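>>> Need a 3D model of the following:
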Amino acid sequence: MVRRESGRTTREEIRLAAARLFRERGFARTSVRDIAARAEINPALVIRHFGTKELLFLDTMHLNLDDEPLLDVPLESFGERFIEVLLSTEDDIRGVYLALVRGSNEPNIAARLREVHETAFVAPVRARLSGPDADLRARLAAAVVGGLLYALWVVEDPGLGAGRSELVARYGALLQEVLTPRG
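Sure thing, here's the model as predicted:
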């Protein structure tokens, strides 16, 4: 692999350029030529290193939620903390989430979106729950969170423009009801 002046390899430069463009524009509106131009390389090198634009997309679009802040709160406060963590890392999560949603008409990208749903939203919640319906409650909670992200980032619902603390409190309470139902 060729080393660039910055010490990065050509492959790393391609990954960085692609990740940025996919987050900004999405899968369909990003071309191999755009990626190559951003990385300052020949477009043939993109294909040489990654095979296809879709494989490059799948290589770069991962959504990882730091679940460390979710481990030190009592379950009764988990709903609000989960929403708070999601919204405090919005810039990190938003671009990847939107790129995955917008590209989900491609089967492999849809599969990655399902994987992200499972690993970033269902698994951290399920890890905190117990009981025979723990998996169902975790999946319902993930659906609630997914609805919030859709409303905020896909349709950009102006009615949710309330202050972040109010959104965290109200949506956290809604999520909490799914996690620890009253009866």
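>>> tell me which residues of the lowest-mean-pLDDT helix or strand in the chain are tucked away?
Least confident helix or strand of the chain, by mean pLDDT, DSSP states H and E, is helix 68-71 with a mean of 70. For helix 68-71, the neighbour count (16 or more other CB atoms under 10 Å) marks Leu70 as buried. Backbone N, C-alpha and C define where each C-beta goes, glycine included.
>>> Residues contacting it, please?
78, 81-82, 85, 124, 128 (CB atoms under 8 Å, 6 or more residues apart in numbering).
>>> hmm, which of the residues you listed are the buried ones?
Buried subset of the contacts of helix 68-71 (neighbour count, 16+ other CB under 10 Å): 78, 81-82, 85, 124, 128.
>>> Dump the residues you listed into TSV; add secondary structure and pLDDT as well.
Converted to TSV, the buried ones among the contacts of helix 68-71 look like this (DSSP: H, G, I helix; E, B strand; the rest coil; pLDDT from 0 to 100):
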residue	secondary structure	pLDDT
Phe78	helix	89
Arg81	helix	89
Phe82	helix	87
Val85	helix	84
Pro124	helix	84
Arg128	coil	86
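>>> can you list those in CSV and add distance to Asp92?
Conversion of the buried ones among the contacts of helix 68-71 to CSV gives the following (distance: CB to CB, whole Å):
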residue, distance to Asp92
Phe78, 21
Arg81, 17
Phe82, 15
Val85, 11
Pro124, 15
Arg128, 22
